[in-house]
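A.B. asks: Below is the sequence, then the predicted model.
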Protein chains: 2
Amino acid sequence: MEQLTLMTTALQQAKLAQQLGEVPVGALLVDGSGRLIAKSHNLTIQHCDPTAHAEINVIRQACKKLKTERLEGMTLYVTLEPCSMCATAISFARIKQVYYGAYDPKGGGIDHGPYIYDQETCHHKPTVLGGILEKECSKILADFFKEKRS
Amino acid sequence: MEQLTLMTTALQQAKLAQQLGEVPVGALLVDGSGRLIAKSHNLTIQHCDPTAHAEINVIRQACKKLKTERLEGMTLYVTLEPCSMCATAISFARIKQVYYGAYDPKGGGIDHGPYIYDQETCHHKPTVLGGILEKECSKILADFFKEKRS
């Protein structure tokens, strides 16, 4: 139940991104006791920053807040399978668990493409579960790109 | 010759990182006419930010300066083979060429590990040349880690 509630919160972040014309992906971080530490969404256009994906934003936000480079014991929720940039950043930040919504065969970096956590060069591998609120997380993206093309 | 001059400038950035106790990696970006657009080095400790690698810093700096998400036609110089986080960010930023110094069998993401630019999920593949001032770029890293262990 907690997973669904937290993914719903991440989806609300995705909706905020959509309203700004950003690719609708949202993310949040909770610590070991379930406390919400950071939430954000894609901001690449607003911030003129191709690295400003939802996951990178919450990592940077949480690290700044807690004055640390390491987010040990934390869980990241994100509405889309992380790309290889974000998957690697998650590993560097020592995040414990990743829960994501929609699978991303075209750009995902965990369960597709480079399979970052299966590489020997990856020195911290979080546990990963995909497919949480998958339909809702996919639909907001499909609707966004459909509208862009029309 | 230009390559050696620019990699020497990147190495000077690595030396600044070393003085701060940061892993000594430096980077810079030049545009199509050879103009220096951004230079930086690792700042993960100073900025409490595990994503603050030299490459990410110059991309963010250049994008902010030029008010764009895309660095088309630009060349990135970096003293160490980019990891998979940075390799992916370089692709997202549409950087044209990557020149790097030391090879990184343990953590590299271009010519080792996930071979990011060989993946079908990678939609922009810069041209890449490694091994420029390799000895000097490796030595500063080897010395840094040797000192850390002693």
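C.D. replies: That came through, no problem. Since the structure is predicted, the reported quantities are computational estimates derived from the model, not experimental observations.
A.B. asks: can you pull out the strands in chain A?
C.D. replies: Remark: strands assigned in chain A by DSSP state E are A:26-30, A:36-41, A:75-80, A:97-102, A:127-129.
A.B. asks: Kindly reformat those as CSV containing mean pLDDT and mean neighbour count.
C.D. replies: C-beta coordinates here come from the backbone N, C-alpha and C atoms, glycine included. As requested, the strands of chain A are exported to CSV (pLDDT from 0 to 100; neighbours: other Cβ atoms under 10 Å in any protein chain shown):
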stretch, mean pLDDT, mean neighbour count
strand A:26-30, 98, 27
strand A:36-41, 98, 21
strand A:75-80, 98, 29
strand A:97-102, 98, 23
strand A:127-129, 98, 13
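A.B. asks: Columns distance to B:Gln18 on top of these, output as JSON lines?
C.D. replies: Shown next, in JSON lines, are those (distance: least, Cβ to Cβ, whole Å):
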{"stretch": "strand A:26-30", "distance to B:Gln18": "31"}
{"stretch": "strand A:36-41", "distance to B:Gln18": "31"}
{"stretch": "strand A:75-80", "distance to B:Gln18": "32"}
{"stretch": "strand A:97-102", "distance to B:Gln18": "33"}
{"stretch": "strand A:127-129", "distance to B:Gln18": "35"}
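A.B. asks: mind giving me JSON lines with the ones you listed and columns for distance to chain B?
C.D. replies: JSON lines is the format used below for the strands of chain A (distance: least, Cβ to the nearest Cβ, whole Å):
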{"stretch": "strand A:26-30", "distance to chain B": "13"}
{"stretch": "strand A:36-41", "distance to chain B": "13"}
{"stretch": "strand A:75-80", "distance to chain B": "13"}
{"stretch": "strand A:97-102", "distance to chain B": "15"}
{"stretch": "strand A:127-129", "distance to chain B": "16"}
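A.B. asks: which one of those strands lies closest to A:Tyr115?
C.D. replies: strand A:127-129 (10.7 Å; Cβ to Cβ).
A.B. asks: Nearest to A:Lys67, out of the strands of chain A?
C.D. replies: The nearest among these, by Cβ to Cβ, is strand A:36-41 at 12.6 Å.
A.B. asks: between the closest one and strand A:26-30, how many degrees?
C.D. replies: Note on geometry: by axes from the mean of the first three to the mean of the last three Cα atoms, to 10 degrees, strand A:36-41 and strand A:26-30 are set 170 degrees apart in direction.
A.B. asks: who does strand A:36-41 touch, helix- and strand-wise?
C.D. replies: Here strand A:36-41 touches helix A:2-19, strand A:26-30, helix A:54-66, going by 3 or more Cβ pairs under 8 Å, 6 or more residues apart in numbering or on different chains; DSSP states H and E.
A.B. asks: Can you say which of those is packed in most?
C.D. replies: strand A:26-30 (a mean of 27; mean count of other Cβ atoms under 10 Å in any protein chain shown).
A.B. asks: could you check the angle helix A:54-66 makes with that strand?
C.D. replies: 40 degrees.
A.B. asks: mind listing what strand A:26-30 pairs with, with the direction of each?
C.D. replies: strand A:36-41 (antiparallel), strand A:75-80 (antiparallel) (DSSP bridges).
A.B. asks: looking at the ones you listed, which is closest to A:Thr8?
C.D. replies: Across the strands paired with strand A:26-30, closest to A:Thr8 is strand A:75-80 (Cβ to Cβ), at 9.6 Å.
A.B. asks: that older thread, now the helices and strands packed on strand A:36-41 in CSV, with distance to B:Leu66?
C.D. replies: Shown next, in CSV, are these (distance: least, Cβ to Cβ, whole Å):
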stretch, distance to B:Leu66
helix A:2-19, 23
strand A:26-30, 27
helix A:54-66, 20
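A.B. asks: so which of these comes closest to B:Tyr117?
C.D. replies: For the helices and strands packed on strand A:36-41, the distance to B:Tyr117 is smallest for helix A:54-66, at 20.3 Å, taking Cβ to Cβ.
A.B. asks: now the closest one, how far from the chain's geometric center?
C.D. replies: Here helix A:54-66 is found 11 Å from its chain centre; the criterion is Cα atoms, centre = their mean, to the nearest Å.
A.B. asks: Contacts for stretch A:3-19, please.
C.D. replies: Stretch A:3-19 has contacts (Cβ atoms under 8 Å, 6 or more residues apart in numbering or on different chains) with A:23-28, A:30, A:36, A:39-43, A:54, A:77-79, A:99, A:101, A:132-133, A:136-137, A:140, A:144.
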